[in-house]
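In: sequence? don't have it. structure:
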DNA sequence: GTTAGCACTCGCGTCGACTGAGTGCTAACA
DNA sequence: TGTTAGCACTCAGTCGACGCGAGTGCTAAC
């Protein structure tokens, strides 16, 4: 038995209806509500039976309507990707408005992006920024705070600051700290955060005159280096959106889901593993996360300087409005890529 | 009719039981499960009837057990405050462990505090930091980023940074920017963020040699001044904890609640209005927030330099474990006050 | 003042009947 | 050979009847 044009149209009708209503779709519904060539419900029934045999439909129990399988969704999303997803201009204007404060700080940027996408799609959205240790140093500043302490400020190309207090010798002047800052900036510029520590260690001996500061600095950088192992900015928007779907009307399920969002740990692995291509679709157990068995997730990684520093992920019920989500994602990845490009050109 | 010792003991027994089980408490339960002088259920019944007349108990419907009223909870909490709330040493050690990374950044500090309290109590927790415009300037730094842009970094006593990009004249050297930073720091030190802009405006004319930088700076400070109107750091922990209580098993209710948490707007007003005394208890509609009709909230403001820069709020069902919550709050306000004191002594 | 006893109330869980949406199969039709 | 009408069958969900049990208020006796 082969898949043909008519079967495909029936399948898509079922998927569309199920996405809308979340109730198993019967043959009569397909025949009456959707334009599939004026076929009778009986014919549809035969076709549906075939589609089930082909693995595109599931039947929750005898004598109930059919429900699309993961395989069906995958086919559906694939076909959506062929027609380039495009956001209606009204909506993209609305999204732009939500973002227009033209944030310079990475933190705010991805936070806003997450909320904007969550609002536009009605689903939960996760956005990650570039890995800390991949960011390139732009400038180091040591700012005196009291007689014996100073603040270490690290500015990177992603416009993030890392800040830590370090100890200085009593009597170190602002000018001296400034000179050190200058020198360090010169020496370390364009290195990644991951590389700085090693380089700094090599420099140590040549700077005996500011031993105390350097020691403290090395210490702080070591800490930053360790902390940044797989750290990156991560923002969640619309976490509670999941609650509006009947799939998550069970309070316990909802709770494990929301806990997962709050813990961030699993989320991080979820957003970094297995990103093949621009869009990645994961359905149910494929996410590998407990509490997401009834979810699907579409991720899309944005680009900056030819790299893929981070991604946007939309998490919703398996019967997600894929078409809409894809167009929002398409818009937002473009937006983020541009925003990051601009800030790196700064 | 008067309130007497026996009535009080019965009332407390009812409150304790209701907090534990969330089911209306009957006379038999009180008589059997709690030690109230070996009275029979009939006697308890009479007393309960009196307590209802006095407004301390409600009856959801005829022939069901009694439920404590807001008035009862208030009395209960008051009595708890008389015996100084004290955390068992095991628990305080656990809490301390959760916090021990001795964070220097306000953001991380209150974030950790919120999560720690949420975990310790099992309820949703909100922590606010000092209002931005009340923070006192410690140092201003202008850091060159490219030929024509620089980063404005403002270090305050709460160890927060505000950062914005400003434009500079082409050819401005790092040394010049450093000199300006130094001068500004000298001039503006110890002013609040709210005052800086006005002072800066007064200084403008005397600095014609760096007109471009000053102009841009004034601009940026104006923006910060406006943005900081009633902004402050705010962190939420354990948002999903509310879902475990039967009071919020309704998905819709839960959703409005979680939305409220995410929007932060109402939360901010909630945390700043009407803080009288150290602990404030608000029950149900008193919070003035939609979606919190079935909640109670206990807030406790911490101190720093004789001021009350921020507060911790625990939000749970009306039948909250007040005793435990109070002791956790007592611990944490002390902790926060100390942590902020230390960072200001820095 | 306390308690045993009793009639009464009412939420809640169980059970069975019924309904209706949906199916698969068969036979007739174009 | 593909399509359709018809029919028997299935099964989840709804609705009402019913009984249980926890709880009450009241009264009379201790």
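Out: Perfect, thanks for sending it. In this text the structure is predicted, and so the values were computed from the model without any measurement.

In: mind listing what's buried in stretch A:89-101?
Out: Buried residues in stretch A:89-101, counting neighbours by 16 or more other CB atoms under 10 Å in any protein chain shown, are found at A:92, A:95, A:99. (C-beta placed from N, C-alpha, C; glycine too.)

In: Filter those down to the ones in strands?
Out: Among these, DSSP state E puts none in strands.

In: Just give me the least confident of those residues.
Out: Minimum pLDDT for the buried residues of stretch A:89-101 is recorded at residue A:99 (84).

In: can you give me the angle the lowest-mean-pLDDT helix or strand in chain A makes with strand B:161-167?
Out: Lowest mean confidence among the helices and strands of chain A (mean pLDDT, DSSP states H and E): strand A:161-167, at a mean of 77. Strand A:161-167 runs at 120 degrees relative to strand B:161-167, counting by axes from the mean of the first three to the mean of the last three CA atoms, to 10 degrees.

In: Strand A:161-167 pairs with which strands, parallel or anti?
Out: strand A:149-156 (antiparallel) (DSSP bridges).

In: what is the mean pLDDT for the strand it pairs with?
Out: Average pLDDT, strand A:149-156: 85.

In: How about residues contacting that strand?
Out: With CB atoms under 8 Å, 6 or more residues apart in numbering or on different chains as the test, strand A:149-156 has contacts from A:135-145, A:161-168, A:172, A:177, A:193, A:213, A:217, A:220, A:224, B:139, B:141, B:143, B:145, B:151, B:153, B:155, B:159, B:161, B:346.

In: Against residue A:73, how distant is whichever residue of the stretch 201-346 of chain A sits closest to DNA strand D?
Out: Nearest residue of the stretch 201-346 of chain A to DNA strand D: residue A:246, at 10.4 Å (CB to the nearest atom of the strand). Remark: distance between residue A:246 and residue A:73 (CB to CB, to the nearest Å) = 18 Å.

In: Can you mark which positions in the longest helix anywhere in chain A are buried?
Out: Counting by DSSP state H, the longest helix found in chain A is helix A:322-345. Going by neighbour count (16+ other CB under 10 Å), the buried part of helix A:322-345 is A:322-333, A:335-337, A:339-340, A:343.

In: Residues of chain A that sit close to DNA strand D?
Out: Contacts of chain A with DNA strand D, taken as CB under 7 Å from any atom of the strand, map to A:38, A:39, A:40, A:42, A:43, A:46, A:61, A:62, A:63, A:64.

In: Can you list which of these are found in helices?
Out: Reading helices off the residues of chain A next to DNA strand D with DSSP H, I get A:42, A:43, A:46.

In: tell me which parts of the stretch 1-150 of chain A are close to chain B?
Out: Applying CB under 8 Å from any CB of the partner chain, we find that the stretch 1-150 of chain A lies next to chain B at A:104, A:105, A:138, A:139, A:141, A:143, A:144, A:145, A:146, A:149.

In: Keep only those of those residues that are in strands.
Out: Per DSSP E, strands hold the following members of the residues of the stretch 1-150 of chain A next to chain B: A:138, A:139, A:141, A:143, A:144, A:149.

In: For the buried ones among those residues, write the corresponding PyMOL selection.
Out: Filtering these down to the buried ones (16+ other CB under 10 Å) takes a single PyMOL command:
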select buried, chain A and resi 138+139+141+143+144
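
In: Output the ones in strands among the residues of the stretch 1-150 of chain A next to chain B in a markdown table; the columns should cover distance to residue B:286.
Out: Formatted as a markdown table, those follow (distance: CB to CB, whole Å):
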| residue | distance to residue B:286 |
| --- | --- |
| A:138 | 50 |
| A:139 | 50 |
| A:141 | 48 |
| A:143 | 45 |
| A:144 | 48 |
| A:149 | 44 |
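
In: what domains does the record give for chain A?
Out: Using automatic domain parsing, the domain parsing of chain A gives A:5-81, A:83-130+A:232-345, A:134-227.

In: Save the ones you listed as a markdown table, and put in distance to DNA strand C too.
Out: Putting the domains of chain A into a markdown table (distance: least, CB to the nearest atom of the strand, whole Å) gives the following:
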| stretch | distance to DNA strand C |
| --- | --- |
| domain A:5-81 | 2 |
| domain A:83-130+A:232-345 | 15 |
| domain A:134-227 | 50 |
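
In: so which of the ones you listed gets nearest residue B:78?
Out: domain A:83-130+A:232-345 (32.7 Å; CB to CB).

In: Wasn't residue A:130 part of a strand?
Out: Yes - applying DSSP: H, G, I helix; E, B strand; the rest coil, one finds residue A:130 inside a strand.

In: residues contacting the nearest residue to it once chain neighbours are set aside?
Out: Spatially, and ignoring its direct neighbours in sequence, residue A:130 is nearest to residue A:309 (3.5 Å; CB to CB, 6 or more residues apart in numbering or on different chains). Contact analysis of residue A:309 by CB under 8 Å, 6+ apart lists A:129, A:130, A:131, A:134, A:158, A:302, A:303, A:340.

In: Any chance of those in JSON lines with distance to residue A:27 as columns?
Out: Shown next, in JSON lines, are the contacts of residue A:309 (distance: CB to CB, whole Å):
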{"residue": "A:129", "distance to residue A:27": "48"}
{"residue": "A:130", "distance to residue A:27": "51"}
{"residue": "A:131", "distance to residue A:27": "51"}
{"residue": "A:134", "distance to residue A:27": "54"}
{"residue": "A:158", "distance to residue A:27": "54"}
{"residue": "A:302", "distance to residue A:27": "43"}
{"residue": "A:303", "distance to residue A:27": "45"}
{"residue": "A:340", "distance to residue A:27": "50"}
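
In: of those residues, buried ones?
Out: Judged by 16+ other CB under 10 Å, buried ones among the contacts of residue A:309: A:129, A:130, A:131, A:134, A:158, A:302, A:303, A:340.
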